[in-house]
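>>> Provide a 3D model corresponding to the input given below.
(2 chains, ligands or ions: 1)
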Amino acid sequence: MDHSLLNGLRAIVGPDSLVTEPTARFAYESDGQMLERQMPDVVVLPRDTAEAAACMKLLHQANVPLVPRGAGTGLTGGATPVEGGALVGTARMRDVLEIDTRDRLARVQAGVVNVELTRCCAEHGLFYAPDPSSQAVCTIGGNVANNSGGPHCLKYGATTRHVLGLVVVTAEGEVLDLSSPDPDPDGYDLVGLFVGSEGMFGLATEITIRLCVEPPVVETLLAIFPTLDACCDSVSEIIASRLEPSAIEVMDKLTIEAVEASVFAAGYPKDAEAVCLLEFEGGEAEVAATVDDVLPILERHGRLEVRRARDSKERARLWAGRKGAFGAMGRIAPDLYVADAVAPRTRLREIVGIATEICAERGLLLSNVFHAGDGNLHPNISYDRRNRDEVEKVLEAGELIMRACLERGGSLTGEHGVGLEKREQMHNLFNAQDLEVMARVRCALDPALRMNPGKMIPLRRRMETRAGGLPRREESSA
Amino acid sequence: MTASASEWQTRLEAQGVELERSPYPVAAPEDVNQLADVLRFAASEKLRVVPTGLGGKLAWCRPEVAAGEADLLLSTRRLDAVIDYVPGDGTLTAQAGCTLSALGETVATGGHRITPDVPRPASATLGGVLGAGQSGPDREALGPVRHHVLGCHVVLADGTTAKSGGRLVKNVTGFDLHRLYTGSRGTLCVIIEASLRLFPIPEEDAVLEWQTADAAEAIALADAVRDSGARPRTMTVDNVAEAGWRLHVGLAGRRKQIAWECDHLAEAAPGAELQEGAAARARSAHVRDLELHAPVALRLSGRPSRTLQALQSIEGRTVLVQPGAFVCDVFAADDTPETVRALRTALPSDVHLAARHVAPDVHTALARDAATGDGRWMRALAERLDPEGLLACPTFPRRP
Ligand SMILES: Cc1cc2nc3c(=O)[nH]c(=O)nc-3n(C[C@H](O)[C@H](O)[C@H](O)COP(=O)(O)OP(=O)(O)OC[C@H]3O[C@@H](n4cnc5c(N)ncnc54)[C@H](O)[C@@H]3O)c2cc1C
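Below you'll find the model as predicted:
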C-alpha cells in the first residue's frame, strides 16, 4: 500500500492504531468463518467518528476498498477482506457515551461489547435485549450490521427493533446522523435500512439503543424429551397456541453431551435425546398463566421431566450451557460449520429430520442447537478443515439443508447474515429483479461499491452493476 | 405531461384499465401486471403518479394531489386477496388493497390480531398504512408498524416487480428494503403485497381513564403508570374533549395479569375510571379514532422526557399525545409559515416538528433540505429506484 497513504492514516490515528506488519494483519484475515481468508493491506483502528471519517476520506481519495470489522465473531465471512484493502476496526471505539435512564436509551460507540452495555445499565433495572450467544465478545456495531438475534429475541425482537439512531461514516468519509426522534420517521427509515446491511453502506460509529426494563418475574424451565421430534413438535404447538414465552431454545443429544463434558456443564441430563429451555418473563400472574398453559403441551408431547430453575444462580447455569454450546462443540472436532436457516414454525420437525438425513448420508456429524421459538435452526456440522474431502461434503450438506428450507417456505439466514458464505445462494431465494433492486440501493449509498465489496450480492449481479447497468436519475433523463 | 389529460385518459381506458376521472384521475388496476403496465404507460406519457389505497391519508402524505400537482392516482384497492394466513406460524401475507378490517377478521378466526390498530380500519388498506408508515396507539407496547413487516413485493416506477424479506418472523436475508418502503409514502415504489407478524388476541382488555386539571397532571400520571410495573398496551394524553385533559391507558393480556394491573394502578395512580371487556374495547377504539377528530396539522416527536416542556410551549392547541414514545399530533388551527416558525422557536431544540395537513407554504416552511446529511442518502435512493421521478413528491422526503 502506498506509503504516503499509510503516513496519512498514521497521522490521524497514531502509530499504535495502524496495523501494517503482516504478522499482525494475519489476525484479520477472516472472521469466525475460516474457510475463506484474505489478509487486509492495512488495518486502521480509529478512536472515534472524527478519526474514522478522516481515515475513510483518505481511503476514498485513494480508491481503496473498506471492510468494517467489530470483534470478528461473524460466521459468514462478513468481515473477511476478500478484495484486500483497508480493514476499519472498531476495537478502540469502546465508550458508552450516554445512558438516559429516564428515557430508557443509551448512546454507545460501535465497538462497545454487547454484554458491556447491559452491565452498564443493570443497576438502573434496565438491559439491552438482543443477546447473541457471542455477546461476551461481539460488538454493538457488528450486531447492527448483521441485525443479530439471540434467544430472547423471540419476545423482544432482533437488533433492528432496538436501534433508535445511528451515526454513520459513508464510503466517502462523510458523517451522517441517521437518527430520527419520531418512531415513525418523517422521511425514509434509513436506520431500518442500515441495520442488517452487513457493512455495505458505511461504518456505524455511534448507535442509540433502546433499553428494556427488567421484568418483575422470570421463570426458566428445562423440559427433557425422549426424542428430538417430540421436542420440536411441542415448540410448534406452543407457538400455534399463541403462547408467548420470551425464549424457546432446543438442544439435541450430541450438543448436550458436548456441553456437559465442557466448562459450560449446566446439569442437562446426558441420556436425554433433546432438551428445551423455556423462559417466561413479565408480571407474576402473566408468567404463571403462560407456564400453566405450556406444561400440558410439553406433557402431551411426552416430556420425561420438567425442571424449574429455583433461583437466578440455577437460571444462569442453565443458560451458560446454552450460550456455551458452540464453544463446547470444539471438543468433538477441530471445526464447526454453523448453519443458520429459518423455517416456518409449523415445520421444525420436518427440517431437522431432513438435515439429519443429509448429514447421515454423507457420514457427517450433526448437532442441533437452535432458537426454536422463532424457527431459526442451527444444524451444526463438526469437521476438520484440513480434510478437503470432508470440507466439500460439509459445504454440500449445508447447501442442501438450505435448499430444503427454502422449498418449505424458509429462508437463507435468520441472524448470521449472508456475507460471503451464502452470497451465491441468494439466487435460490431471490430472482434477478429482486437482486437488481438490492444492487440499486447499494449503488445509491455507495456508488463506487467500495464498502465491504464481495458480500451478499451474488457475483454475476455485481459485475453487471459495475458495468454501469443501473440507471440514475440524471443519466436516464439526460 | 405531453398529451392533454382527456387524451391520455382515453388511451389508458382503452387498455382496459378502470379509471375514475373526477375529482382526480384514479386508475384501479385489476392485477399486478396491469398495475405495472399503468406505470409504464405513465412513464411514457411523463405523468406524475401517486400510489394510493383508498385515499384516506393522501392529504398529509401527498399534499401535491390537493394542490393539483399530480396527474394520476394509482390505487391498489382492487388487489385485495389474502394470500396466506398461517395461524400456526402467526403470519399473514396479503395484497396491498386489503383493508385492515378485512384482514383483522381473517386473522381473528385463528385467534390473532393485527398491529397497527389504526383509525377507520375499514377504509385503510394494508398498502396505504405501510406506505404512510402509520402506527396506532398500540405502538406503546408493540412498537411502530415497520417492526412487524416481514417482507414486501413492490412494483418500481419502471414496472419492475421485486420482493424483499419473506413471510417468516425471523429473517435477515438481503437488505431490509421493506423497512425502507414502509413510510416512504409511495415515492419509491408501489407496495403490492406484504407479510406481517401477528399478535394473539388478548384474553382480557381494560381501560383506565383519568380526568386531569392540566397537561402537567396528565403527564405526571403517565409517568407514574410507566414506573408502576404495569405494561400498558396503549397510553394517550389528549385535550380533545370539552372536559379538558385526560390520560387514557389501555391494558391487554392474560386475565389475571390485567386484574392485578388494574388493582395495582388504582394504588399507584389513584382516581381513574375503569372499564373492562367489550366496554374497554369500545373505549379504546374511540380514543384511537380521536386522531380523526380534526385534521392533524403538525406532529411533534422527541425523547419522552421532553413531553411536558413541548406541550407547555404549544399551550392552547388541541393535541393527542403518546407520551411513552413522545409523539404528539397537533390538530389544525390557522397555521401559517410564520406561526409554525414561531412554534419551532418556542419548542425545545431537540423536539422535532413535522408537517401533516397544512397548506403547501407551511409544508415548504418545514420541509428539510435534501442536499445535506441524511437528505442526500434519501435523494440518492429515490434517484436509483425511480430515475425518472415518476413517483416523486415535491415535499417528501425532503425539499429538492
Ligand atoms: C460462538 C458464537 C455464537 C454466536 N451466536 C450468535 C447468536 O446467537 N445470534 C446471532 O445473531 N449471531 C451469533 N453469532 C454471530 C456473530 O457473533 C454476530 O453476527 C455478531 O453480531 C457479530 O459481531 P462482531 O462485532 O463480531 O462483528 P464482525 O464479525 O466483526 O462483523 C460482522 C459484520 O458486520 C460488519 N460490521 C462490523 N462492525 C461494523 C460497523 N461498526 N459498521 C458497519 N458494519 C460493521 C462487518 O463488516 C461484517 O460484515 C455467533 C458467533 C459465534 C462465534
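>>> Secondary structure class of the most centrally placed residue in chain B, three-state.
The C-alpha lying nearest the average C-alpha coordinate of chain B belongs to B:Gln134 (Cα atoms, centre = their mean; 1.2 Å). Put simply, B:Gln134 is coil when judged by DSSP: H, G, I helix; E, B strand; the rest coil.
>>> can I assume it is in contact with B:Gly56?
No: the criterion here is Cβ atoms under 8 Å, and B:Gln134 misses it with B:Gly56 at 9.6 Å. Placement of C-beta: from N, CA and C, glycine included.
>>> Between these two, which contacts overlap?
Shared contacts of B:Gln134 and B:Gly56, defined by Cβ atoms under 8 Å, 6 or more residues apart in numbering or on different chains, are found at B:Ala124, B:Gly128.
>>> What count of nearby residues applies to the closest residue to B:Asp84 other than its chain neighbours?
Closest residue to B:Asp84 apart from its sequence neighbours, by Cβ to Cβ, 6 or more residues apart in numbering or on different chains: B:Thr93 at 4.4 Å. By other Cβ atoms under 10 Å in any protein chain shown, 19 other residues sit near B:Thr93.
>>> Report how many residues lie close to residue 59.
Answering for chain A, as no chain was given. A count of neighbours around A:Leu59, defined by other Cβ under 10 Å, yields 25.
>>> please go with chain B instead
So B:Ala59, with other Cβ under 10 Å, has 15 neighbours.
>>> Helix or strand: which one has it?
helix B:58-61 (DSSP states H and E).
>>> Now do the buried residues in that helix.
B:Leu58, B:Trp60, B:Cys61 (16 or more other Cβ atoms under 10 Å in any protein chain shown).
>>> The ligand contacts on the stretch 201-350 of chain A?
Residues of the stretch 201-350 of chain A found near the ligand, taking Cβ under 6 Å from any ligand atom as the criterion, are A:Leu203, A:Ala204, A:Phe326, A:Gly327.
>>> and the last one, helix, strand or coil?
With three-state DSSP as the basis, A:Gly327 sits in helix.
>>> Now do the contacts for it.
A:Ser262, A:Phe264.
>>> go again using 10 Å as the cut-off
Shown in contact with A:Gly327 (Cβ atoms under 10 Å, 6 or more residues apart in numbering or on different chains): A:Ser133, A:Ser134, A:Ala258, A:Val259, A:Ser262, A:Val263, A:Phe264, A:Leu336.
>>> again with the first one
By Cβ under 10 Å, 6+ apart, the contact set of A:Leu203 is A:46, A:49, A:52-53, A:55-56, A:66-69, A:88-90, A:93, A:110, A:141, A:145, A:167-171, A:173, A:451-452.
>>> restrict these to contacts with chain B.
Taking Cβ under 10 Å from any Cβ of the partner chain as the test, chain B is in contact with A:Val168, A:Thr170 out of the contacts of A:Leu203.
>>> and the ligand, which of the contacts of A:Leu203 reach it?
A:Val67, A:Pro68, A:Arg69, A:Thr90, A:Ala110, A:Gly141, A:Ala145, A:Asn452.
>>> pLDDT score assigned to the residue nearest to B:Asp84?
The model reports B:Thr93 with a pLDDT of 98.
>>> Tell me which helix or strand it sits in.
strand B:91-95.
>>> any idea how far that strand is from the chain center?
Averaged C-alpha coordinates place strand B:91-95 at 18 Å from its chain's average position (Cα atoms, centre = their mean, to the nearest Å).
>>> immediately after it, which helix or strand?
helix B:100-108.
>>> Could you look up the next helix or strand downstream of that following helix?
strand B:112-113.
>>> Verify the contact between the residue nearest to B:Asp84 and B:Val82 for me.
Yes: counting by Cβ atoms under 10 Å, B:Val82 is a contact partner of B:Thr93 at 7.8 Å.
>>> so B:Glu261 touches A:Ala285, yeah?
Yes: B:Glu261 lies in contact with A:Ala285 (Cβ under 10 Å); the separation is 8.7 Å.
>>> State the mean pLDDT of stretch B:18-38.
Mean predicted lDDT for stretch B:18-38 stands at 94.
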